[in-house]
Each structure stands twice: as structure tokens, then as C-alpha cells.
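Participant: Sequence first, then the predicted structure:
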Amino acid sequence: IKQAMKDLGLKGVSSLYEAIKRSNFIAEAKIFSVPDSLSKTITLRGKQMVIKGDELTSTSSTRIFSWNPQSNTCSPLINGAIAEKDEVVREESPSGNRCITIEKGKGEKERLFHVWQDGVLEYTLPFHKSVKSIFNDAVFGGIAWSPNEDYICFIGESVDPEYATNDWEIKDYINKYEYKQDFGEALADKKEPKLFVHKLFTKKIENVKVDKLWPCTPLFGRSEREIIFVGVEETPFKHGLIFCMNRESALFMLKAKDPEWTEQPEMEKLTNEFFVLAPKLSPSKKNLAYYGRDDKFVSHATCMQLKMLSLEEKASREIVGKVVKRSENDYFNGIYGYQDLFSRTHSGFLNENLFLIPTGSQTNFCCFLADVREKDKLLRLRHPDYDSLIVLSVEKGVILLKATSPSKVPVYFLVSSEKQDSLEDFEKTQKWTKVFSSTHPSSSGKLGMHLQKVMEGFTEKLIKTEHAEGFLYLPPKSAWEEEEKTPEKFPVIAMFHGGPHGVFQRIYRNDIVLLLSLGYAVLGINYRGSMGYGLEYLESLLGKAGEYDVEDCGQTIEKALTEHGDLLDKENVFVYGGSHGGFLSTWMISHPKYSSLIKAASILNPVTDMLLMLGSTDIPDWGWAETLNSPMKWTLTEKELLEFYKKSPISIIENAKVPSLILLGKKDQRCPPAMGWNLFYKLQNLGVESKLFYYPEDSHPLASDEASFSQIINTVQWFDKFRWEKQRAAAAKEEDASNKDAAQKMIKLKIMNKE
């Protein structure tokens, strides 16, 4: 097994990773009420990647289940998974009776609305001559249904007037090279968001004008003649929006003057906070819950408040106003997260009195029920066998959760309760029903058995320093018990999360399972600035990036090697991180104190030069916040220039000696690839062994099928090269000596023959 793992090669490691990913593929889930019944229908959608020969392919599929509340059981409505077409957008109505799908038509730009009723196609509407694109993401939202399910609204982009009358190719050719600002990373195809309303069975799609605002996440209010949306204040420069909570915004309501929405509606501002996020309408449609923050802040993440607005009285009040300054335990440390955590189905009203909140508490995903009648009254949902609970959907008294732990593949549960009048009632009568359990990763032969042993037996150690926490995952030595010699010590990979206001989460992760199965220990580090540990901890890094975070990571690695020197091979320590994690990895390869610890590095889309980033990123305000704890300006003083340079790892790159693998997405707008190229050129000039991979179709997360496989497989190959360096050198020396001995024997034999 040892030899097989050393010599797996690209195809072997890829096959192993494919087997691991097969157990963790669900990407989207939703609950639907069944008309005239208490039963629910659950859909789990996902994408699986498969290696066929030398090609990587993917298939999308859906699993459908039915929940019976009387027996509290879930059973598949259809055995196995249903393969799906590659739809652009798919959105079911709340009742589940109707469904909108948007698909590509015959031409390159042709798009079609399909409206379905009970699985039967009702009508098709080509819309590409009036709407260029329909948005479907965590920032701008997707299709929203009216209460009577006869209308939909969404955010999209209008077709230019010339497009509707002139030849496509001529118009494209004339304006082909004109630059138009977009909303940055992950939103590069979004430039001029507009609000649209469509009444079903008509051919008209109305563009509802909203002046001086960028509309996001629209939903219908008390009727089909009210639309509520988040309005982000327009600015001359379009800052990136994804993972950026510090964008000034408010809630607005539009009231239609006619049923067709043809006349300009009345608009009313509903809130006055600095920013708002994810409005949710109560079942009675009398109240609107939303997340927000009253005071202005410069960091891209914060501790949020949950508020509720009475649509009749137009007055809001706090439901959860508690801002935890410093974490004292892992129960409730505030409401944290980015847009994807609070998107349309991921949190909301369980009933008129109870509201479900997803958040992070230290290193775990968790969810709380809040009683909207009392301020700061919370109940945390827990499962005794899992560390993290991720909210997927909420529907009329039922919650769909993904339960996960570092060593356990995800399991999907429905959570319900016989009594839901209060938190106490819910806690006493709650029921958990398993919907679907992911299968353990498997692979054929000895490697498959080895993988099972790793999953079932790896251990976790907590590493605490003065300011940081590390989570050390160790593969079980029993996984190597069939070898002649069990490994005494494991090489260790230190993983640095991005953000910097992200967090290393204790969940099942495909990449970590792969690394453990290949004999690496993994050390995930939450440094100052990580979310989930209180607002003071999150904001303590502002103005100190390149200092506090670097110290925390270096000290955590040192302490892990000291406390577990009997298990960890201090001669084989590697660093691995992307975005701000790439920033930290780049600091580590040159740091006068810590670089001597590091054997090799894998650096993904890094920040290497704060000044270079300032003039090229979609979030220039990020540099001001993390470097100077200051609001953004467009000009810098000489002192500020020097400070930006000093906080950049490129400032000490001349010290670099650590072999480095650099992986870049050509379309990255957050950490533009010029910084990675600059790092690569400098390492090459210094004679430091380095290699660069450049993914032409990928952006910041390197999330395409090819890139996601390539980056982890090449990281493994890179680390393995230096991990086995001494053994290979010794083997080569032994082989060389053996060859010399054989040559000498041959010479003696020839001499004897002559004699």
C-alpha cells in the first residue's frame, strides 16, 4: 500500500478523489408542501463528477422523497436519482404545483420560459428579445412567486433597444470591445440589474424602474401588487458584492398601480440601517424579518442583528440584537455569514412565532430558533452525533438540515415538532427523521479498504495558542497495519482559510479526507480575524493584516509540532491556502522566523502585493480595511504607500527558499492573477523551485470541474515530491551503489574469463 500510495500518479490520485467526492455531492435541497395534506416532498439536487478514461465528466441529478408526518418516515418517491437536463434556472412555486424552467433555445442567445403545472407543460415564452439574462445567485436572488402563484418577479438585465431591432452580429461587432463595469467576482456577467415582473399566460415581461438603486432579492409582499426588495445604493464605481456585507443598502416596497405593472409603481423606503440582507415574509404576510447592522463598518463581515418589520405599522424591532463582543463558549456567538448562508430557502419562518437562523459558532455551523415575540430568546438545535448543522430549507413547520462532522459523511434530516407554539414546546417534542444518508467513500481493492480505515479512525487534537486555535486531524496508524513498518510520524499540511474573515469549519471535506488517506496530518487554523468567535476577535485584525494573522499561524504550527512531536514529522511541514490563505502562505515561504519550518507550499489565487491589488481588484476597500483599518480613499499619502507595501508578503520575498506551487484563475477579479504571476517571476528569478498552473476559464474559487480536481491533485503531487525526497534520494543512492557493485563484478568476471 505504501508503494502504491507513493506511486499512485495523477490518474490514481484522481480516481481516489473521485471516490471521495462521490459521497458528498448534494448542492441544493428544498421542501414542498403537498396540497390538502400535512405531507412534504423533499428534493435533493447535486452534481457528481466521474472519470471516464482520460476525461472528467459531470452529471446533474435529483433525488425525490416523501415525508409522512403520521409515521414520521421518509421514503423515496422514485428509486435512485433522476438525471437532469442542463437547465439555466429552475424554480418551483411554494405549493409545488407549478414550476418555471429556463432553457437555452436553438440560437446562441435564445432563451425560453417553460411554465409547468403538475408536471405538464402549460406554455413556453421566448424572452431573449426583452430580457437579456435572468439572475439566479445569492446576491441578486432568483425567481420569486406571488402568493396566488400567478405572477413571478426576478432581477435580470434588459436587452439594449438596438438588440431588439438590429442584427445581433452587427451590434456585437460594433460594441465588442466597449468596457462596461460589472459587480466583480462571481458576478462578472451582471452589469445593469433591473427588476422584472411577469404575469403568467401573458407574453409581456415588465421592467419596473428603480432609480439610483441596484435591486436585489425581490419577493412579493401581501399580494401580487406589492414587491419588497433590497436596494443597494448606486455608486460610480461598482464594488464587488459577493462576500461583502459592508455595502450600504435598505429595504424598499413597490406598490403597483395596475394589475399588469405597466405604470410606474409607488416606492417606499422601509428601513434605515446601514445594510440589510435576506428579507423573509411571515406566513401571515403581516411581518417581514431581515438581517442587518445599524452602524457603519469597514470589514467585509460582521456580527448581524435580526429584526422584524410590521408591514402594517411600518415599524421595526430587534428579535436578536445581541452582539457578542468576545466568545466565551460555542453556544451563541452572534449571527455571522455571507449571502449564500442566508439565501432564499436557507432561513426563514417556521411559523408565525418561530424563526430559524443559520450562523457559525466558533468552528461549527449551527442553527437557532428565535421566538419573534421576545428579544434574544434562542434555542440551539443539536444532534448528538454531528458537530455542524447546515440549514437547507424551511417550509411550514418543517426544517431540512445537513448534518456533518469531519469524520462523517453528510446525512440529511427533517426536523419537526408536534408543538411549535414556543421554544420550550419545540425542544420537548422535536423529531428528527433521516431523509438521505451519503455513502462512505469507497474505492476498489486495497486502497478502498485503506480509505475506510482512515475515515473510521482518524483523530482530532485541539491546538490552542494565546490568540488562535488549530484543529489537528491525524490519520490512524492502523490504516497502515498491513505494512512491514507502520509510519512513526506523519507529514503535516497547515491549511489557512481565506477572507480573512472566514473560518476553518469542522465539517466533512473532500480535500481533507484525500490528504488524510494519503498519509498527511492536516492542521486547520483559525487566526485573529476569523468569524464566529465574537465581534472583537473578528475586528482585531483590521489594520493588522500581515502581522497578527501571520503570527497566529506560525505560532500554531510551532505549538502543534512541540505538543505532538511524537506524531508529526517536523521535517515535512507544508502550507496550503487560497485568497487570504494564499496571502498567509506567501508570507510563510519568506518569513524570517517561520519559513525554516516549511518544506513546500501550494498557493491559490493569492494576495501578494497590497498596492498592486488596490488598483486592480473589485474590492479596493478591502485593502484599506485590512491594512489601515480605514474607509477607502482613491489617493494615498507617502506614509500610506509605505504601510501598504510593508503589509505585503512581496516586501520580503527575497528571503524565499521554499518550493512553491502557484495556481491561478485567469478570470479572478478578487485577487487578480497579476499578483500570482509577479510572485512566480520573483521566485523564478531567485532560483526557488516553483511551478504555476493557469486556469483560463476559472475565477477566484477555482470551482470548475477541471480546476477543482486539478488544483488538489497537483497540490498532492507537489507535496509528495518533497515529502519522499529523502527516500527517493536514498533509493537512488542505493541503486547507484548496486549498479556500481554489479559493474565491478562484471569486470572481475571478464578478467577471470580472460585468465
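Facilitator: Received it, and whenever you're ready, just let me know what you need. Numbers count the residues shown, from 1 in each chain.
Participant: isn't Trp432 right up against Ser417?
Facilitator: No - Trp432 is beyond contact range of Ser417, at 10.2 Å (criterion: C-beta atoms under 8 Å). No exception for glycine: its C-beta is placed from N, CA and C like everyone else's.
Participant: neighbour-wise, which of those two wins?
Facilitator: Ranked by neighbour count (other C-beta atoms under 10 Å), Trp432 and Ser417 place Ser417 first, with 20 against 15.
Participant: Provide the partner residues of the more buried one in its beta bridges.
Facilitator: Gln430 (DSSP bridges).
Participant: Quick check: it touching Lys431?
Facilitator: Yes - counting by C-beta under 8 Å, Ser417 touches Lys431, with 6.6 Å between them.
Participant: so how far is Val391 from the residue nearest the centre of the chain?
Facilitator: Using C-alpha atoms, centre = their mean, the residue of the chain that lies closest to the mean C-alpha position is Asp340, 7.7 Å off. Asp340 is 12 Å from Val391, where distance means C-beta to C-beta, to the nearest Å.
Participant: My reading is that Tyr123 lies in a helix. Confirm?
Facilitator: No - the assignment for Tyr123, made by DSSP: H, G, I helix; E, B strand; the rest coil, is strand rather than a helix.
Participant: In contact with it: list those residues for me.
Facilitator: 114-115, 201 (C-beta atoms under 8 Å, 6 or more residues apart in numbering).
Participant: go on, Ala186?
Facilitator: Applying C-beta under 8 Å, 6+ apart, the residues contacting Ala186 are 137, 242, 699-701.
Participant: Tell me the confidence at it?
Facilitator: pLDDT recorded at Ala186 is 95.
Participant: Quick check on it: phi, psi?
Facilitator: phi 70, psi -10 (degrees, to the nearest 10).
Participant: again with Lys639
Facilitator: The phi/psi pair for Lys639 (degrees, to the nearest 10) is phi -60, psi -40.
Participant: And the one 4 residues further on, by the same measure?
Facilitator: Dihedral angles of Glu643 (phi, psi; degrees, to the nearest 10) stand at phi -70, psi -40.
Participant: can you count the residues close to it?
Facilitator: Residues near Glu643, counting by other C-beta under 10 Å: 17.
Participant: need the contact list for it.
Facilitator: Counting by C-beta under 8 Å, 6+ apart, Glu643 has contacts 627-628.
Participant: got the contact list for the residue nearest to the centre of the chain?
Facilitator: Here Asp340 is in contact with 138, 346 (criterion: C-beta under 8 Å, 6+ apart).
Participant: got it, and Glu122?
Facilitator: 115-116, 201.
Participant: Tell me which of these fall in strands.
Facilitator: Using DSSP state E, the members of those that fall in strands are 115-116.
Participant: Counting neighbours, which of the contacts of Glu122 end up buried?
Facilitator: Buried positions within the contacts of Glu122, assessed by neighbour count (16 or more other C-beta atoms under 10 Å), are 115-116.
Participant: Reformat the contacts of Glu122 as CSV; add distance to Glu395 and pLDDT.
Facilitator: Below are the contacts of Glu122 laid out as CSV (distance: C-beta to C-beta, whole Å; pLDDT from 0 to 100):
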residue, distance to Glu395, pLDDT
Val115, 22, 92
Trp116, 19, 91
Phe201, 26, 87
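Participant: Tell me the one among the contacts of Glu122 nearest to Leu77.
Facilitator: Checking the contacts of Glu122 against Leu77 by C-beta to C-beta gives Trp116 as the nearest, at 16.8 Å.
Participant: Mind listing the residues bridging to the closest one?
Facilitator: The partner list for Trp116 in beta bridges (DSSP bridges) reads Cys99, Leu121.
Participant: Looks like it contacts Thr101 (just checking).
Facilitator: Yes - using C-beta under 8 Å, Trp116 is in contact with Thr101, at 7.0 Å.
Participant: just to revisit the earlier point, overlap of the contact sets of Asp340 and Val391?
Facilitator: Residues touching both Asp340 and Val391 (C-beta under 8 Å, 6+ apart): His346.
Participant: Please report which of the contacts of Ala186 has the highest neighbour count.
Facilitator: Busiest of those [other C-beta under 10 Å] is His700, holding 26 neighbours.
Participant: residues touching that residue, list them.
Facilitator: Here His700 is in contact with 185-186, 579, 605, 665, 668-671 (criterion: C-beta under 8 Å, 6+ apart).
Participant: Of those residues, which belong to strands?
Facilitator: With DSSP E as the criterion, strands contain Gly665 from among the contacts of His700.
Participant: Same list (the contacts of His700) but as JSON lines, adding distance to Asn572.
Facilitator: Listed next are the contacts of His700 as JSON lines, based on distance: C-beta to C-beta, whole Å:
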{"residue": "Glu185", "distance to Asn572": "34"}
{"residue": "Ala186", "distance to Asn572": "35"}
{"residue": "Ser579", "distance to Asn572": "25"}
{"residue": "Asn605", "distance to Asn572": "25"}
{"residue": "Gly665", "distance to Asn572": "29"}
{"residue": "Asp668", "distance to Asn572": "30"}
{"residue": "Gln669", "distance to Asn572": "35"}
{"residue": "Arg670", "distance to Asn572": "31"}
{"residue": "Cys671", "distance to Asn572": "28"}
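Participant: between the contacts of His700, which is nearest Asn329?
Facilitator: Distances from Asn329 to the contacts of His700, taken by C-beta to C-beta, are shortest for Ser579, at 29.2 Å.
Participant: nearest residue to that closest one other than its sequence neighbours?
Facilitator: Gly498 (3.4 Å; C-beta to C-beta, 6 or more residues apart in numbering).
Participant: residues near the one you found, how many?
Facilitator: Residues near Gly498, counting by other C-beta under 10 Å: 24.
Participant: Distance check, it against Ala27.
Facilitator: Gly498 is 20 Å from Ala27, by C-beta to C-beta.
Participant: do Leu515 as well
Facilitator: 22 Å.
Participant: and if you look at Glu460?
Facilitator: From Glu460 to Ala27 the distance is 26 Å (C-beta to C-beta).
Participant: Settle it for me: which of the two has more neighbours?
Facilitator: Higher neighbour count among Glu460 and Ala27: Glu460, with 15 against 10, using other C-beta under 10 Å.
Participant: Helices of the stretch 401-550 of the chain, residue ranges please.
Facilitator: All helices of the stretch 401-550 of the chain, identified by DSSP state H, counting those that start in this stretch, fall at 423-429, 445-457, 510-517, 535-539, 548-563.
Participant: Show me what counts as buried in the last one.
Facilitator: Put plainly, it is helix 548-563. 548-561, 563.
Participant: Give the ranges of residues in the stretch 51-200 of the chain that sit below the confidence cut-off.
Facilitator: Within the stretch 51-200 of the chain, the stretches with pLDDT under 70 are 52-54, 83-88, 161-174.
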